[in-house]
Each structure stands twice: as C-alpha cells, then as structure tokens.
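*Asks:* Predicted model and sequence below, questions to follow.
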Amino acid sequence: MSKSPILMWFRRDLRLDDHAALTAACAAGHPVIPVFILDELTEEMGAAPKMRLGLSVADLAKALGDEGSKLILRRGNADEVLRQLIAQTGAGAVYWSRQYDPASRARDTLVKTALKADGVEAKSFAGHVLFEPWTVETKTGGYYKVYTPMWKSVRGNDVPSALPAPGRVPTPDDWPASDNLEDWQMGAAMRRGAAILTNHCTVGETAALGRLGAFIADNVSAYVKNRDIPGVTGTSGLSENLTYGEISPRICWHAGWKALNDGKADAEVFLKELVWREFAYHLAFHTPRIVSDNWKPEWDAFPWNTEETPDVTAWKQGRTGIRFVDAAMREMYVTGTMHNRGRMIVASYLTKHLLSHWKIGKAWFADCLTDWDPCSNAMGWQWSAGSGPDATPYFRVFNPVTQLDKFDKDRVYVKRWIAQGTNAPSATALSYYDMIPGSWGMSPMDRYPDAVVPADVGRQRALDAYQTRGF
C-alpha cells in the first residue's frame, strides 16, 4: 500500500454507510486519515445547532474508533488546516462530500483551487442530496422555480442503491495530533439548557437508521393524516439526522419506495417531503440570494419591521398570547425541533400578523433549531412570508386560533408546552422554564398573556398592507 495518505474531510456527512467519498478513499489503496475541522462557518453556527453538531462529531469519532480508525479534530481556517495536515502527514489527496449553500461552496472552491495549485488531488463527491442541482432541469433547460413540476420530473428517476459502509478504513502508520472535542466547548452557548436539549436529540448513524426503521414500520401508513397533528408522533423526525448527514437521503428514499411498493400509499407523501428538501438545495445552488435576500426582488419594497420590537420579543419568548404560536416556540426552545405545522403557523404570525421581516425569524431559528440547515431554513421562511419561489400567496394568512382547533382539538400539544393556567403542568411545559434565561422573567405561575396581536386584527392589518403596496 502506498504510504501517501488521503485526508477524508468530514463536514455534514457524519456517517459510514452510503458515503461515496469515504468509500472511494478506502478503495484507493492508500491510508485514510478522517478529519473534522471546526472552521469559520462552523464557529458561526447558532447555539443549538452547534451543540448538536458536536454530539454528531463525537458519535462519528466513536464509530471510526470501533473500526480501528480515528477522527482527527483541528480548529481553524479550512485551507490552512488542510495544508498543515498535508505537510505533517505527506497526504497526497483530500476527499470530501459536496455542499450546496453559497458559503460552503465559496469555501470549497477556494480550498480546491489552492490544493490543486499545490499539486494535491482535491476531489469532491455527491452524498448530501438525491439529485445534484445541475442534473435536474426543466424541459427548456432551466432550473425549477416551482416544486410540483420538479417532483413530477424526478419522481421516476433512477436513484442508485445505497453503498455499504467500508469493511475497513485503512490506517496510517502514524497519526497526526488531534484536538480534544471537549476543549471546543461546542455546547457552551447553550449554558444551562445544554443537558435538557441533549435529552431531546437522537444522535448518530445507528440511531438515525433505527428512527427510519421505526417510522416505516409504525407510522408511514398514517403519515398523511398524522403528519399535521403536533400532539402525536406522526412524522419521521429525520430532519435532525439528515442535517448532519447521519443518514443519507438515498437510504430514506429507497425505504420510502419499498414501503410504497408494499402497499403503504402514504409513503409517497414522505417521498415528496424528501424532494421538498431537494428543492431547497436546488434553489440555493441556482439562486444563492435565497439564503440572504428576498428571492422575489419586488418584496424589497415591502415595509416589514426589522427591529426587535416588544411584539417580536414576545414571539421569540413564546408569550404572544396565541397558544399555537407559543406552544411551538417553546417546543423549539426546549427540544431544538418544531413540528412542521407549528413552523408554518409561527412564521405566518411573525411575517403577517406582526408584519416583521422573515430574516428575524430565520436568524432565531438558526440559533434554536438542531435541524437548522441554511438552505431549507431560508426557503421555508421565504415560502411563509410570500417572498420566495412557489411561496404561499400573500393573501393566505394562517389563522392560528382556527388552526389550533383543527390540528390540536383536544389541546394535547398546548398542554405539553404551556404550563400557565394549568393545575398540573406537564414536565415538558415546566422544562421550558429551566431552559430560558432568568432575564426573561417568566414563571409558570404567570397569568397567560392576552394576544399581542389578535388573529383577526393581524390578518386584516396584513391584507391592508399588501393592498397598499400593490401586492
């Protein structure tokens, strides 16, 4: 075996199964040195996703260790760290899985250009999506701006079978030095909430595969009915694991198709949700502005509030006086996730009832969600606000009161997350007060607040604003 190692640079692909870059590295006949870099993009992550990433890195390190390998941890600029490792190990190649958000693409382009200039092989692989963005085109050759035609286009596409985990990761004679993960303190920004949040995480490849198996066996048959009901376990919960690449979308895709072919018709809607995720990457690749600016430029003139007003603060703290909104915001703060129906409700309330900019919500989610993703988060917010592609129409203003009556009729979800006004609050509702900063001054003994903006008042105010601006 050649002594010139390959650096396997892990990022959001923290698994061994169905890993094209890792499989290629292991098959190349060289020692493989797995590496994770805490670079500037990672340092900038919000409190909850950064903590959750640390848990995933720890799980990958253990999985590699069980195979007789190691995960080398380094902190710093990715280009500089990789060059240091190349100098220290004599590595002749760096492999990684592609990412599609603008910031990651810019970093990777710089790294690849620099490495090639140094005579080092730099090779990227697919793995984070089912269909790479440049492989999916409309009949006229452009990119899809509407989801449904994209779904119809890719539904019948051949998706290769998932790759097995390498039987063995070839090891070098000598390992370079590694940082200690504990020294990075990736959960430091969570402060006292770290322990509580960790209890709500399902971490690592083994757990993700188990979660998928349980969903297909127990819940996919009733997915259409139950996925909109926040008080029951009706969704897969896999967004957390897909975010960090603990499970590949191909594995999920083939499991969904098998369920569909086995007669579980609701599995098709699960497959559609996987393609909705693809749509986010597709758009971020072709129109990078979606992650930072209004996708529809005409919305630049809309007079959204951009300040931290008392109403916005109430929205962040889950005390708007609108129970569906508050329950969902508290669920996110405690668990790092939020039911998808709740995401639509809270986003609509912020951007339409409170007439506040979607960027405020996007930033708050980026700090609080353990399944935060730069592409999906941006597309979801712009869909709700009306400024994005294939967005909800400006005149569609969710009524959070009637939505609660429809999807949480028995108030199971509300009781789970709102302690105020309840004689025997649930443990989950009380745990919110163990998570939040003391400076918020909130107590389960407080009277539940009146609505900062009642549902009917907010809807009319939003419609008036849209009409005034000619939308």
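*Replies:* Yes, it's here.
*Asks:* what comes up buried for the helix or strand bottoming out on mean pLDDT in the chain?
*Replies:* None of the helices or strands of the chain scores lower by mean pLDDT, DSSP states H and E than helix 455-468, at a mean of 89. Of all the residues in helix 455-468, those buried under the rule 16 or more other CB atoms under 10 Å are 455, 458, 459, 461, 462, 465, 466. Yep, even glycine has a C-beta here, placed from its N, CA and C like the rest.
*Asks:* what does stretch 107-118 rub up against?
*Replies:* Outside stretch 107-118, the residues that touch it by CB atoms under 8 Å, 6 or more residues apart in numbering are 39, 41, 78-79, 82-83, 86, 94, 96, 98-99, 121-122, 124.
*Asks:* how about 6 Å then?
*Replies:* Under the contact criterion CB atoms under 6 Å, 6 or more residues apart in numbering, stretch 107-118 has outside partners 78, 79, 94, 122.
*Asks:* model confidence over it, on average?
*Replies:* This predicted structure assigns stretch 107-118 an average pLDDT of 97.
*Asks:* And for stretch 75-88?
*Replies:* The predicted model gives stretch 75-88 an average pLDDT of 98.
*Asks:* re earlier: centre of the chain to the least confident helix or strand of the chain, how far?
*Replies:* Using CA atoms, centre = their mean, to the nearest Å, the mean C-alpha position of helix 455-468 is found 31 Å from that of the whole chain.
*Asks:* Just the CA trace of it, in CSV.
*Replies:* Taking Å, rounded to 0.1, in the frame of the first residue of the first chain, the C-alpha atoms of helix 455-468 are listed here in CSV:
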residue,chain,number,x,y,z
ALA,A,455,-55.7,36.7,14.9
ASP,A,456,-58.4,38.7,13.2
VAL,A,457,-56.8,42.0,13.7
GLY,A,458,-53.4,40.8,12.4
ARG,A,459,-55.0,39.2,9.3
GLN,A,460,-56.7,42.4,8.3
ARG,A,461,-53.7,44.5,9.0
ALA,A,462,-51.6,42.3,6.8
LEU,A,463,-54.1,42.4,3.9
ASP,A,464,-54.3,46.1,4.2
ALA,A,465,-50.5,46.4,4.0
TYR,A,466,-50.4,44.1,0.9
GLN,A,467,-53.1,46.1,-0.9
THR,A,468,-51.5,49.4,-0.1
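*Asks:* what's it packed up against?
*Replies:* For helix 455-468, there is no helix or strand it packs on, judged by 3 or more CB pairs under 6 Å, 6 or more residues apart in numbering; DSSP states H and E.
*Asks:* contacting residues around that helix?
*Replies:* The contact list for helix 455-468, computed with CB under 6 Å, 6+ apart, reads 352, 353, 394, 397, 399, 400, 401.
*Asks:* between those residues, which is closest to residue 256?
*Replies:* Ranking those by separation from residue 256, with CB to CB as the measure, puts residue 400 on top at 31.0 Å.
*Asks:* Next one: the closest one relative to residue 349, how far apart?
*Replies:* Separation of residue 400 from residue 349 (CB to CB, to the nearest Å): 6 Å.
*Asks:* Could you do residue 124 as well?
*Replies:* In this structure, residue 124 and residue 349 are separated by 40 Å, where distance is defined by CB to CB.
*Asks:* swap in residue 445?
*Replies:* According to CB to CB, residue 445 and residue 349 sit 25 Å apart.
*Asks:* of the two, who's got more company?
*Replies:* The neighbour comparison of residue 445 against residue 349 (other CB atoms under 10 Å) goes to residue 349, with 30 against 9.
*Asks:* Tell me who's in contact with the closest residue to the more buried one other than its chain neighbours.
*Replies:* Distances taken as CB to CB, 6 or more residues apart in numbering put residue 325 closest to residue 349, at 5.0 Å, once the chain neighbours are dropped. By CB under 6 Å, 6+ apart, residue 325 lies in contact with 346, 349, 400.
*Asks:* quick one: residue 325 is in a helix?
*Replies:* Yes: per DSSP: H, G, I helix; E, B strand; the rest coil, residue 325 lies within a helix segment.
*Asks:* I'd like the numbering to begin with 30 instead of 1 from here.
*Replies:* Renumbered: residue one is now 30, and that last one reads residue 354.
*Asks:* Could you check the pLDDT of it?
*Replies:* pLDDT, read off for residue 354, is 98.
*Asks:* Also the one 3 residues further on?
*Replies:* At residue 357, the pLDDT value in this model is 98.
*Asks:* Repeat that for residue 420.
*Replies:* Model confidence at residue 420, given as pLDDT, is 70.
*Asks:* Tell me the secondary structure at it.
*Replies:* Classification of residue 420 into helix, strand or coil gives coil, according to three-state DSSP.
*Asks:* That one and residue 139: what is the separation?
*Replies:* For residue 420, the distance to residue 139 under the criterion CB to CB works out to 33 Å.
*Asks:* Compare those two (neighbour count), which wins?
*Replies:* When neighbours are counted by other CB under 10 Å, residue 420 and residue 139 differ, and residue 420 comes out ahead with 18 against 13.
*Asks:* my read: that one touches residue 410, true?
*Replies:* No: in this structure residue 420 lies outside contact range of residue 410 using CB atoms under 6 Å: 10.0 Å.
*Asks:* shared neighbours of the two, which are they?
*Replies:* Between them, residue 420 and residue 410 share no contacting residue under CB under 6 Å, 6+ apart.
*Asks:* quick one: residue 270 and residue 400, what's the gap?
*Replies:* The spacing between residue 270 and residue 400, counted by CB to CB, is 8 Å.
*Asks:* Cheers, nothing more for now.
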